[in-house]
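Q: Kindly generate the corresponding structure for this input.
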Amino acid sequence: MLIALALGYLVQMAQEVRREIDALATANSDNTQWALAQADVDVLALQAAIAAAGAAPDTSLRDVRNRFDILFSRVRILSTSPLYALMRQDPGVVAALGRIDVFLAETVPLIDGDDAGLRAALPALSARTEAIRAEVRYVTLEGVAALARESDVQRTGVAATLSLVSTLTAALFFVMIVLLALLAHFVRQERARARAERHTRARLASIIATSLDAVLVVDEDSRVIEFNGAAEQIFGYTRDEALGARMEDLIVPDHLRMAHKDGMARYLATGQKRMIGQGRIQLEARRKSGEVFPMELSVSSAETRGGEIFVSFARDISRRVAAERELIQARDKAVAGEKAKADLIAVMSHEMRTPLNGMLGTLELLDTAGRDAREAEYLDIIRASGRQLLHHVDTVLEISRAEAGKIVFAQEPFSLPALLRELVESQRVVAEHRGNALSHRVDMQGHDQVVGDPARIRQVLLNLVGNAIKFTRNGTIWVEAERLGGSDMVELRVVDDGIGIDAADQARVFDDFVTLDTSYTRAVGGTGLGLAIVRRLVVAMGGEVGLKSEKGAGSVFWVRLPLPSVTRLAAALPPAVPGPADAAPVPGPVPPMKVLIVEDNRINRVVLRDLLEQDGHRVDEAHDGQQGVEAAARTAYDIVLMDISMPVLDGVAATRAIRSAEARGTRLPIVALTAHAAPADKERFRAAGVDEILVKPISRKGLRAVLARFSQHGAAAPSEPGAEAADPAPLDRAQLDELAAALGPEKVRALVGAYLSETGAAIAAIVARLQTGAVDASLADAVHHAAGSSALFGAQALRGALAALEDRIRDGDAPDAQDASALAEVWTRTAQALEALNTGA
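A: Purely as a prediction, here's the structure:
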């Protein structure tokens, strides 16, 4: 390509040189300079002819006319010939030629006239000719100079063109030399490539011959053109038998043969690939003996001079498939065993918690009556034994959940020093009972607030501290926390100076059901599951656990967990995590409520009924889920306590049935009573419509806490005659604070102003309709809308009054003017509280 361009340009330059030479030749042949000089001679000749004619009156005027015609023609050539174009670019020359043309034009009539007129004008013509001679001389001199310059330019151009042609010629020769060198290099490369290809083909032939995988090469007609030794061993055909035969006739089973033919035809017609280039594919093949076996196949295609070929690499995977099948069967058996174990644990949990619930609940009832010291001691023994048994059940369940990976860890901010302080205080009495001093030390490098699961961390530390207390007497126990450098890792340590652990036993203390044979064995006992739970929880939280111990010198159990610092959130964090449930005071009874117990176990029903009736609640019972649904449909209850595992209709299905039958805008609180406390179970219960979950056994404290929560929802709880519940505060400040944090104080103030205006008008309309008795479904909708707005702005008293009013309207219990006055009073208190808050009062 480069040579062609250079040659083309060289030809173009040669043509240009030829044109320049032709131009020079033309100028010389025309004798342009001579013609210019001859114009001056022609003027002189004309003057001489005029003078001769004037001197001899009888002389003919033909010579004058001939000389004029010659001058006229000469001037025409100078004015129009392309040879003098460069000369005519001079403005002076153009002006001179113009004056000469005027002279010629004015003289033509005399020359063409009669002799008498011409002869009479000869003196004047002689004078004018003399005058025009200077103009002709100027044109002649300037023309010669212009032509000389033009010749110089042409000579320079020809020289430059010849120089360029020489340069291009030299460059062309150089390029040709380089190309010849490259061509020689390419020839050598091609010869080397040919040798490499021959070697490659030889290696490929060797690889194919020695490959452990079968290699089959077929053409577009599906005829075998290569069949290696491994293929002979796998399929049972010799190479001579296979070459030239169709692939489908050799190795494709009968039930796949049509699919193979259709696939080949589709690919050749459309290019659509289903197996070619798709990697390894598992399918069935056939041996010469007719045996069908599993095969792993990879197919690729390549273009050759003879057309497209298909290369297949095949491997007999009969043994692997058999091994995988055995593994799957073993896995299925293991999974089935684990599921059976989990189901057994879940069922046993329920079956063990049910009598425990009855026993511990009955103890709650017995606790209220006056008992002497011996009976109180017996009750304490029974209570302690029941709680210990419950602890063992919970421990086994915790192990089961950890093994199944069903433990869900929270990620929330909390104060680690506060957690340690609370933990130490809660265990101090137990430690002092064995003569031990329990203390804690913290070095968090100023990052006390961390993100993690405080409940699980507390559970880990409780197990470690409890273990240290059991195996230390009259000693010292330290609970320590230290942030490791500037990282997120925090090391928690429980250090004691107790009996210590032999080096041989340290590797197995975190295994299941391991209790070491120590001098305190009879004194402390245990299931051997505490440290196993610690190990599982720590690993699940992304940490590690270990110990250092020396027999007779004490032990150090350490836990390293990723607990990132959240110093920026310190102001929003509580000063401490909640203490243990048993340490919280038992809440007082809530205002009497109407409660439905749905429970199939008679003991549980008795315990729950007595606990509720002792607090003044009215109680109905249902013995299964179906009875519970029917009772909820007949009677308006304040709350339903729903067992989960029941005959006829379980608690989940019963909850769904109750929810589906509820009127719009109403919601009966339903609390699930269950021994199934796994997170997945809780999610399933809540999805069915359960509002809260109580895990058996049910304590008076837990029951009161749940009732206290739901006594604030909806209508006021029914009370005994003469009893009067205290009115709730008009505003829920926590709700307003949360709204302000989310939207900003200024926006909340504006929204509260709009709420006061709109809801004030809505309440006025509702009160007016109540006073006039205009009660219908549209009024219930208006009340529902106002209740929703009130809930958003924390107007809990107004929301409760509106919810109760909506329930009465939808139930057909028409409110009256007295209800209107009560609603107006609640609105007045709410509006005053909101206005005071909005103005900063």
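Q: helices or strands next to the helix or strand hosting residue 555 in the packing?
A: Under the criterion DSSP states H and E, the helix or strand holding residue 555 is strand 554-562. Where contact means 3 or more CB pairs under 8 Å, 6 or more residues apart in numbering; DSSP states H and E, strand 554-562 is packed against helix 454-470, strand 489-496, helix 530-540, strand 544-550. Bear in mind the C-beta positions are built from the backbone N, C-alpha and C, glycine included.
Q: quick one, which of these is nearest to residue 751?
A: helix 454-470 (34.9 Å; CB to CB).
Q: Output that closest one as CSV, restricted to C-alpha atoms.
A: Presented in CSV, the C-alpha positions along helix 454-470 are these (Å, rounded to 0.1, in the frame of the first residue of the first chain):
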residue,chain,number,x,y,z
PRO,A,454,-26.0,-7.2,74.6
ALA,A,455,-28.3,-10.0,75.5
ARG,A,456,-26.1,-12.7,73.9
ILE,A,457,-22.9,-11.1,75.3
ARG,A,458,-24.5,-11.1,78.8
GLN,A,459,-25.5,-14.7,78.3
VAL,A,460,-21.9,-15.6,77.4
LEU,A,461,-20.5,-13.7,80.4
LEU,A,462,-23.1,-15.2,82.8
ASN,A,463,-22.0,-18.7,81.8
LEU,A,464,-18.3,-17.8,82.3
VAL,A,465,-18.9,-16.0,85.6
GLY,A,466,-21.2,-18.8,86.9
ASN,A,467,-18.5,-21.3,86.0
ALA,A,468,-15.9,-19.3,87.9
ILE,A,469,-18.1,-18.9,90.9
LYS,A,470,-18.8,-22.7,91.0
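Q: ok, residue 108 to residue 340 distance?
A: As judged by CB to CB, to the nearest Å, residue 108 and residue 340 stand 137 Å apart.
Q: Tell me the secondary structure of the closest residue to residue 318 other than its chain neighbours, please.
A: Leaving out its chain neighbours, the residue that sits closest to residue 318 by CB to CB, 6 or more residues apart in numbering is residue 293, at 5.0 Å. Taking DSSP: H, G, I helix; E, B strand; the rest coil as the rule, one finds residue 293 in the strand state.
Q: Then the one 4 residues further on?
A: Taking three-state DSSP as the rule, one finds residue 297 in the strand state.
Q: Can you flag the weakest of the helices and strands packed on strand 554-562 by average pLDDT?
A: Of all the helices and strands packed on strand 554-562, mean pLDDT reaches its minimum on helix 530-540 (a mean of 86).
Q: I'd like to know which elements it is packed against.
A: Partner elements for helix 530-540 (3+ CB pairs under 8 Å, 6+ apart): helix 373-404, helix 454-470, strand 544-550, strand 554-562.
Q: picking up where we left off before, who has more neighbours out of residue 108 and residue 340?
A: residue 108 (13 against 10; other CB atoms under 10 Å).
Q: what comes up buried for the host helix or strand of the more buried one?
A: Counting by DSSP H and E, the element that carries residue 108 is helix 91-112. Using 16 or more other CB atoms under 10 Å as the test for burial, helix 91-112 gives 93, 96, 97, 99, 100, 103, 104, 107, 110, 111.
Q: Show me what that helix is packed against.
A: Applying 3+ CB pairs under 8 Å, 6+ apart, one finds that helix 91-112 contacts helix 62-80, helix 115-120, helix 122-210.
Q: what's the closest of the buried residues of helix 91-112 to residue 615?
A: Relative to residue 615, the closest of the buried residues of helix 91-112 is residue 93; by CB to CB it sits at 133.2 Å.
Q: Give the closest residue to the closest one in space, chain neighbours not counted.
A: The spatial neighbour of residue 93 that comes closest, neighbours along the chain excluded (CB to CB, 6+ apart), is residue 142 at 4.9 Å.
Q: residue closest to the middle of the protein?
A: Centroid-nearest residue in the chain: residue 411, 21.3 Å away (criterion: CA atoms, centre = their mean).
Q: ok, that residue touching residue 455?
A: No. Applying CB atoms under 8 Å as the test, residue 411 and residue 455 come out as separate, 11.9 Å apart.
Q: Residue ranges in the stretch 701-841 of the chain under the pLDDT threshold?
A: Low-confidence segments of the stretch 701-841 of the chain (pLDDT under 70): 712-729, 734-735, 738-744, 747, 788, 791-792, 811, 839-841.
Q: where do the helices sit along it?
A: Ranges of helices within the stretch 701-841 of the chain are 733-743, 745-772, 777-792, 796-810, 817-838, based on DSSP state H, counting those that start in this stretch.
Q: what's the closest of the helices and strands packed on helix 91-112 to residue 685?
A: Closest approach to residue 685 among the helices and strands packed on helix 91-112 is made by helix 122-210 (64.1 Å; CB to CB).
Q: quick one, that closest one and helix 91-112 angle?
A: Interaxial angle, helix 122-210 versus helix 91-112 (axes from the mean of the first three to the mean of the last three CA atoms, to 10 degrees): 130 degrees.
Q: Would you map out the domains in the protein?
A: Using automatic domain parsing, the domains assigned to the chain come out as 2-178, 211-316, 407-582, 733-838.
Q: and these as JSON lines, adding distance to residue 650?
A: Output for these, formatted as JSON lines (distance: least, CB to CB, whole Å):
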{"stretch": "domain 2-178", "distance to residue 650": "90"}
{"stretch": "domain 211-316", "distance to residue 650": "45"}
{"stretch": "domain 407-582", "distance to residue 650": "24"}
{"stretch": "domain 733-838", "distance to residue 650": "28"}
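Q: Any idea which of the helices and strands packed on strand 554-562 gets closest to residue 769?
A: helix 454-470 (50.8 Å).
Q: could you say what helices and strands the helix or strand just after that closest one packs with?
A: Later in the chain than helix 454-470, the nearest helix or strand by DSSP H and E is strand 476-483. Strand 476-483 is packed against helix 416-433, strand 437-443, helix 454-470, strand 489-496, with contacts defined by 3+ CB pairs under 8 Å, 6+ apart.
Q: Could you say which one of those comes nearest to residue 149?
A: strand 489-496 (95.1 Å).
Q: got a list of contacts for the closest one?
A: With contact meaning CB atoms under 8 Å, 6 or more residues apart in numbering, strand 489-496 is reached by 416, 436, 444, 450, 457, 460-461, 464-465, 467-468, 471-472, 475-484, 554-563.
Q: Please put the alpha-carbon coordinates of that strand into PDB.
A: Presented in PDB, the C-alpha positions along strand 489-496 are these (Å, rounded to 0.1, in the frame of the first residue of the first chain):
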ATOM      1  CA  MET A 489     -12.000  -6.300  68.600                       C
ATOM      2  CA  VAL A 490     -12.800  -6.300  72.300                       C
ATOM      3  CA  GLU A 491     -11.400  -9.000  74.700                       C
ATOM      4  CA  LEU A 492     -13.600 -10.000  77.600                       C
ATOM      5  CA  ARG A 493     -12.000 -12.000  80.400                       C
ATOM      6  CA  VAL A 494     -13.200 -13.800  83.400                       C
ATOM      7  CA  VAL A 495     -10.300 -14.300  85.800                       C
ATOM      8  CA  ASP A 496     -10.500 -16.500  88.900                       C
END
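Q: Just give the strands next to it in its sheet, each with its orientation.
A: strand 476-483 (antiparallel), strand 554-562 (antiparallel) (DSSP bridges).
Q: mind giving me TSV with those and columns for mean pLDDT and distance to residue 775?
A: Shown next, in TSV, are these (pLDDT from 0 to 100; distance: least, CB to CB, whole Å):
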stretch	mean pLDDT	distance to residue 775
strand 476-483	94	63
strand 554-562	93	61
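Q: Need the per-residue pLDDT for the residue nearest to residue 710 when sequence neighbours are not counted.
A: With sequence-adjacent residues excluded and distances taken as CB to CB, 6+ apart, residue 710 is closest to residue 669, at 4.1 Å. What the model reports as pLDDT for residue 669 is 94.
Q: count of neighbours near residue 669?
A: Using other CB under 10 Å: residue 669 sits among 20 other residues.
Q: That one and residue 208: what is the separation?
A: Distance, residue 669 to residue 208, by CB to CB: 77 Å.
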